[in-house]
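Q: build the 3D model from these lines:
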Amino acid sequence: MCPLYLAYDQKQLTGSWQLMDLRERQAPDRLDEKEVMRLLTGHPRYGHDTLFTSIKRLSERSSAYVDADELRMVYPAAAEHARTSELAEGTEGPALVSAFEALVDHIYARRPLTPAQTAAHLSGGKDSTNLAISLAAAYPGLITPCALLIGGEAGPQQAARRRMVIDHTGFAPDITVPAADHPPLAPGGLRRAHAEAISPLDEPHLEAADALAQALMARGITTVVAGFGGDEVARVRRPDGGPVRTPEAPTWCGERVRDLLGEVNTGISPATVAPETALVALEVATPLLARRGLWAITPFTDPELVRFGQRLPLDWKRDKRLLTERFVARGLPDAVVHPVMRENFGHLMNRAVHEYSSGLLRSWGKDLHLVEQGFLDAAVLSETVERAALDPDEAAPYRTGLFLITAVELALRAL
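A: This is a model prediction of the structure:
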């Protein structure tokens, strides 16, 4: 549920869920070049390596061995994955939906939780909403729904859809935080005011997510149910695993990144039980929860539900048909089942990169650790920053890359 980072020197093993707790073992000249390449090209991979050569991640099912001389990390055997199946003859959609509900209930029943101290992410998306209504049905009126409100054009739609689900299902009083009140990279915000404690891998909307975590903590919440891994119910796996993809480097990447592109898939974990994308997402989201005394439960990463998703027939995977049909079976309004607009935080990140990231990168100029070490082309980066500084729409195509560069530099400058 939460990454465990390990460092070993002078015959002492140190571990933490927080990467920056190990900052005494970190330095700008200890960057792992392959991890930097993966980060800058938007192709994170899951395994033992972290952004720093001096720190390792204890990845899923792997083992760490320590003796007087070294820390040795050993990967497990590749996890076996099920193939897409067909429904048994005479089995109709309602039975499949019921089987999904029963499996989710079974997963919850295996985990000790106190309903009055449990919250469920209810952003309005299909993954988290399905998990939330299962939990609320099991404990009527006791589960706290929570969400970051996206605002913007789709904000009213999100708010209305959430209210429909809450009124229809029966939850405890709602907890929400407007994400626009806590923009990424804002002066005085968590990432800038406490850069020494914030990992570049932490949640991009860390400031808003932490405000929500504090609100949950104030309510006495100790457990948060989240929908990470839900994409597995829509993923179609090729029997041979498909071709190995080599990423393309953004124009601002330097030659050092381009020279490493062919190694994006080397040294990574063998096939994991839960989807790799979910494990990467958990690494982004759960450390900040742990800092606030909150523990995550993510049923979609449970091996039984993972296998269920892998075996779903193709026509039940497309557009997450199973999760959509579950909404219908629960009698939720069409506005919940088929939203008109996409709901995401893109407009907020556009503004953050335009207003804050571009200003920071301008002020630093060529004096960047990533430039000095050959990971970035200073001239191309400068041109991109100037375009992003024009307005939020101009920043949109570059928002992810410029945010990550800014996040890494803030962390390195705090060491």
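
Q: what helix or strand is residue 360 located in?
A: Assigned by DSSP states H and E, residue 360 belongs to helix 358-364.

Q: give me the contact list for that helix.
A: 185, 368, 381, 385-386, 388-389, 395, 402, 405-406, 409-410 (Cβ atoms under 8 Å, 6 or more residues apart in numbering). Every residue, glycine included, has its C-beta placed from N, CA and C.

Q: how about it: buried residues?
A: 358, 359, 360, 361, 364 (16 or more other Cβ atoms under 10 Å).

Q: contacting residues for the most centrally placed residue in the chain?
A: Residue closest to the mean C-alpha point of the chain, counted by Cα atoms, centre = their mean, is residue 281 at 2.5 Å. Residue 281 makes contacts with 228, 229, as judged by Cβ under 8 Å, 6+ apart.

Q: hang on, it in a helix?
A: Yes. Counting by DSSP: H, G, I helix; E, B strand; the rest coil, residue 281 falls inside a helix.

Q: now the closest residue to residue 170 other than its chain neighbours: how far from residue 124?
A: Spatial nearest neighbour of residue 170, excluding adjacent residues (Cβ to Cβ, 6 or more residues apart in numbering): residue 140 at 4.8 Å. Going from residue 140 to residue 124 by Cβ to Cβ, to the nearest Å gives 21 Å.

Q: neighbours of residue 342, how many?
A: 10 (other Cβ atoms under 10 Å).

Q: what's near enough to touch residue 406?
A: 185, 356, 357, 360, 361 are the contacts of residue 406 under Cβ under 8 Å, 6+ apart.

Q: including distance to residue 50 and pLDDT, could the residues you listed go into JSON lines?
A: Shown next, in JSON lines, are those (distance: Cβ to Cβ, whole Å; pLDDT from 0 to 100):
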{"residue": "185", "distance to residue 50": "22", "pLDDT": "96"}
{"residue": "356", "distance to residue 50": "26", "pLDDT": "97"}
{"residue": "357", "distance to residue 50": "23", "pLDDT": "97"}
{"residue": "360", "distance to residue 50": "24", "pLDDT": "97"}
{"residue": "361", "distance to residue 50": "24", "pLDDT": "97"}
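
Q: list the contacts of residue 182.
A: 189, 205, 207, 208, 210, 211.

Q: recalculate using a threshold of 6 Å.
A: 207, 208, 211 (Cβ atoms under 6 Å, 6 or more residues apart in numbering).

Q: restricted to strands, list the residues you listed.
A: Among those, DSSP state E puts none in strands.

Q: on that earlier part again, more crowded one of residue 140 and residue 124?
A: residue 124 (22 against 12).

Q: which residues does the more buried one contact?
A: Contacts of residue 124 (Cβ under 6 Å, 6+ apart): 158, 161, 162, 343.

Q: skipping adjacent residues, who's closest to the third one in space?
A: Setting aside the residues directly before and after it, residue 162 is nearest to residue 124 in space (Cβ to Cβ, 6+ apart), at 5.4 Å.

Q: can you pull out the strands in the stretch 1-150 of the chain?
A: 5-9, 12-16, 56-57, 63-66, 71-74, 118-121, 144-149 (DSSP state E, counting those that start in this stretch).

Q: gap between the third one and the chain center?
A: The offset between the C-alpha centroid of strand 56-57 and the centroid of the whole chain comes to 18 Å, using Cα atoms, centre = their mean, to the nearest Å.

Q: shaky segments in this structure?
A: 232, 236-244 (pLDDT under 70).

Q: for residue 96, see how far away the residue of it most remote from its centre is.
A: Going by Cα atoms, centre = their mean, the residue of the chain most distant from its centre is residue 90, 38.7 Å out. In this view, residue 90 and residue 96 are 12 Å apart by Cβ to Cβ.

Q: any buried residues in stretch 393-410, and which?
A: Quick answer for stretch 393-410 (16+ other Cβ under 10 Å): 394-396, 398-399, 401-410.

Q: of the residues you listed, closest to residue 7?
A: Set against residue 7, the nearest of the buried residues of stretch 393-410 by Cβ to Cβ is residue 408 (19.0 Å).

Q: now name the helix or strand holding the closest residue to the closest one other than its chain neighbours.
A: Using Cβ to Cβ, 6+ apart and skipping residues adjacent in sequence, the residue nearest residue 408 is residue 200, 4.5 Å away. Take DSSP H and E as the rule and residue 200 turns out to sit in neither a helix nor a strand.

Q: in a markdown table, list the contacts of residue 406 along with distance to residue 305.
A: Below are the contacts of residue 406 laid out as a markdown table (distance: Cβ to Cβ, whole Å):
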| residue | distance to residue 305 |
| --- | --- |
| 185 | 35 |
| 356 | 39 |
| 357 | 37 |
| 360 | 41 |
| 361 | 42 |
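
Q: farthest-separated two in these?
A: It's 185 and 361 that sit farthest apart of the contacts of residue 406, by Cβ to Cβ, at 10.5 Å.

Q: so what sits against both of these two?
A: Joint contacts of residue 185 and residue 361 (Cβ under 6 Å, 6+ apart) do not exist.

Q: show me the contacts for the residue nearest to residue 377 when sequence neighbours are not counted.
A: Distance criterion Cβ to Cβ, 6+ apart; nearest residue to residue 377, sequence neighbours excluded, is residue 254 at 5.0 Å. Residues near residue 254 by Cβ under 6 Å, 6+ apart: 374, 375, 376, 377.
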